[in-house]
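A.B. asks: would you be able to build a 3D model of this:
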Amino acid sequence: DEHKIHAYMVPHSDPHMTEYVPISDEWVAFVSGFTGSNGLCIVTQNEALCWTDSRYFIQCEKQLESGWQMRKMRVEGEQTWFEWVAANLKKGEVCAYDPLLVTIDTAEARGKYFAEKGIEFKPLKENLVGKIWAERPPIPQSKLFILDDSFAGESAKDKLTRIGKDVKAAGAQNYLVTDLCEIAWTLNLRAKDAECTPLFISYLLLSFDFSGDAINSSGTLFIHEEKVPEDVRAYLKGINVQIKPYDSVQDAVAQLETKTYLVTTSVNSAVYQAFKNKDMIVGSTKSIIEYLLGVKNARELQGFRDCHVRDGVAVVRYFAWLDHALNVEGRTDITEYSGALKLDSLRYEQKLNKGLSFWAISSIGSNGAIVHYKPEEKTAATINNKEVYLLDSGGQYLDGTTDTTRTTHFGTATAEEKDAYTRVLLGNLDLERVIFPNNGTIHGGDIETLARRHLWAKGMDYGHSTGHGVGYFLNVHEGPHGVSKRWPVPFVEGMVVTNEPGYYKTGGFGIRIENVLIIEKRMNGGFLGFENVTMVPYERELLDLSLMTKADIDFVNAYHEQVYKTLLPVLEEQGDKIAIEYLKKKTAKIA
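C.D. replies: Presented below is the predicted three-dimensional model:
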């Protein structure tokens, strides 16, 4: 009533459109109870609705507080949030939003849509959720640290030169960077403002001088200054980047008099509106930096190989510990939550580890059908040897980011479970084995059918994408490419992508198998293929060999031999005899 509005839109977002937002920006979780990474709420005087995607349907239904309704994103026949608003608000009424949490493109597209319906889409400077969030956590203040060039593989100075070339080609002199992963990558800096992603809340304004033969760059990092230690200040000065207060970014862009490149799908509407002369904006849906960081350099690629060995050791040690605890010790006190904590501790022991890349999806039985399930201490189920156990987890390392999913059974699986597992594995293998022309046109959507075809043959499927890009000691989910029609960016050598088909039987079990793949040249460079860097065995006890050809079995055997030879020396060094025996058993040749 105070603001004379009739609906308020609350997205899962922050001013930088971060996937895993800092705890101080968990607007959706606070107002609705839903904690997934993709959610959007609409609140009116009489109704409260939350939209999410297929990964979270089951979780959202369970978590929403009393009085809330769940709605489905990207499902045919289901209303989108803006269609619902248009159908339920009258002409002349207002749907409001916080412009810091909405991109330029979304604000313009939804504004136009609502205007055609006679409804106003109105920005409010005051966040109405923040107004009632009395105990909102403070904005994170983690300290920045330098990612040494020996890990980054390229200096920030050289990155700035590459960025400058593309900015010049776009006809601009400045580049406003608001995506936190892109800022961290560009400057070779990391921090820990988000729980599982080494980012720091900031804006970066780059300016380039193209008058001479060389490209000269300067920049301003808008950040809470107490987060920047002296060594980082000196480092930034050395690459001609100054520091200014975080909240001064809007004043800075208001004073720009030369053309500025920005990404309309990631820059928030509030910053955009601060530009006095919109004619000086070179807006694009393509991020220059996202395309550069999406193709890894040689050091980064080697880092992915190396960190997946250490991470594979942690996962194998965990599975071995769990198998021994359940089947030898007869324990019945290990829950999905306490099991995940054990896995975390094993990861922390590994060299160069800097934490987790996301909270482990440790799920037994029917919880495995919740695609992005997160076990909670008070409600976690007990892990047992009678149901399928799905584990999706990852770590952050100075030399890479991991994302591994394995599904196992510590007892005797049913024929249905084996059938589903084998079909998922065959889809995973088919995608990994494909070779395709290196002609700059083939993208993940062109080959995704390979991962689904064995499931389709029996009327089965899964609702999520088959794969996503992976950051290098950054966000575990990264663009611009993926294995889905949603990411039609052609594959090129040096990209890294996951391969993670699955199957989910609501109320029964979940199966997913995920590897991280490097795209590499084949056949003298005329074709491209995949190198699998994940080093964790598949579950032989879940295989239905009648569905597999000799070539399939040979491929699995060859992979298991590689896993065994790679992990054994590290397990011997760490002195884990139980894990060594487990590895031998799980990688033994399949007849």
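A.B. asks: wait, what's in contact with the nearest residue to Thr405 once chain neighbours are set aside?
C.D. replies: Excluding the flanking residues, the one nearest Thr405 by Cβ to Cβ, 6 or more residues apart in numbering is Glu514, at 3.5 Å. For the C-beta atoms, the positions are set from N, CA and C on the backbone; glycine is no exception. Glu514 makes contact with Asp392, Asp403, Thr404, Thr405, Arg406, Asn428, Thr498, Asn499, Glu500, Thr534 under the criterion Cβ atoms under 8 Å, 6 or more residues apart in numbering.
A.B. asks: and which of these is nearest Lys157?
C.D. replies: Checking these against Lys157 by Cβ to Cβ gives Asp403 as the nearest, at 30.4 Å.
A.B. asks: ramachandran coordinates for that closest one?
C.D. replies: The phi and psi values for Asp403, taken as degrees, to the nearest 10, are phi -150, psi 100.
A.B. asks: wait, what's in contact with Asn353?
C.D. replies: Contacts for Asn353 (Cβ under 8 Å, 6+ apart) come out as Arg310, Arg347, Gly395, Gln396, Tyr397.
A.B. asks: tell me the one among those nearest to Ile139.
C.D. replies: For the contacts of Asn353, the nearest to Ile139 is Gln396 (21.3 Å; Cβ to Cβ).
A.B. asks: and that closest one, how close does it get to Leu147?
C.D. replies: Distance, Gln396 to Leu147, by Cβ to Cβ, to the nearest Å: 12 Å.
A.B. asks: show me which of these two is the more surrounded one.
C.D. replies: Legend: neighbour count by other Cβ atoms under 10 Å for Gln396 and Leu147, higher for Gln396 (27 against 21).
A.B. asks: and Tyr462, how far from Tyr56?
C.D. replies: Taking Cβ to Cβ, one finds Tyr462 at 14 Å from Tyr56.
A.B. asks: ok, and what's touching the lowest-mean-pLDDT helix or strand in the chain?
C.D. replies: When each helix and strand of the chain is scored by mean pLDDT, DSSP states H and E, helix 57-63 comes last, with a mean of 92. Helix 57-63 is contacted by residues 32-36, 39, 50, 52, 70, 72, 369-370, 372-374, 506 when judged by Cβ under 8 Å, 6+ apart.
A.B. asks: highest neighbour count among these?
C.D. replies: Cys50 (28 neighbours).
A.B. asks: list the contacts of it.
C.D. replies: Contacts for Cys50 were tallied using Cβ under 8 Å, 6+ apart; they are Val28, Ser32, Phe34, Gly39, Leu40, Cys41, Cys60, Leu64, Trp68, Gln69, Met70, Arg71.
A.B. asks: shared neighbours of Gln396 and Leu147, which are they?
C.D. replies: Residues touching both Gln396 and Leu147 by Cβ under 8 Å, 6+ apart: Phe473.
A.B. asks: quick one: list the elements packing against the longest helix belonging to the chain.
C.D. replies: Ordering each helix of the chain by length in residues (DSSP state H) puts helix 298-327 first. Contacts defined by 3 or more Cβ pairs under 8 Å, 6 or more residues apart in numbering; DSSP states H and E place helix 298-327 against helix 149-152, helix 336-348, strand 388-397, strand 400-401, strand 404-409, strand 515-522, helix 550-574, helix 577-586.
A.B. asks: mind doing that once more with 7 Å?
C.D. replies: The contact analysis (3 or more Cβ pairs under 7 Å, 6 or more residues apart in numbering; DSSP states H and E) places helix 298-327 against helix 336-348, strand 400-401, strand 404-409, strand 515-522, helix 550-574, helix 577-586.
A.B. asks: out of the ones you listed, which is closest to Glu300?
C.D. replies: Closest to Glu300 of the helices and strands packed on helix 298-327 is strand 400-401 (Cβ to Cβ; 7.3 Å).
A.B. asks: now do that closest one: everything it contacts.
C.D. replies: By Cβ atoms under 7 Å, 6 or more residues apart in numbering, the residues outside strand 400-401 that reach it are Gly303, Phe304, Cys307, Ser357, Gly394, Val470, Gly471, Tyr472, Phe473, Leu474, Val476.
A.B. asks: rewinding a little: tabulate the helices and strands packed on helix 298-327 in JSON lines, adding columns for mean pLDDT and mean neighbour count.
C.D. replies: Shown next, in JSON lines, are the helices and strands packed on helix 298-327 (pLDDT from 0 to 100; neighbours: other Cβ atoms under 10 Å):
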{"stretch": "helix 336-348", "mean pLDDT": "98", "mean neighbour count": "19"}
{"stretch": "strand 400-401", "mean pLDDT": "98", "mean neighbour count": "30"}
{"stretch": "strand 404-409", "mean pLDDT": "98", "mean neighbour count": "23"}
{"stretch": "strand 515-522", "mean pLDDT": "98", "mean neighbour count": "20"}
{"stretch": "helix 550-574", "mean pLDDT": "98", "mean neighbour count": "15"}
{"stretch": "helix 577-586", "mean pLDDT": "98", "mean neighbour count": "18"}
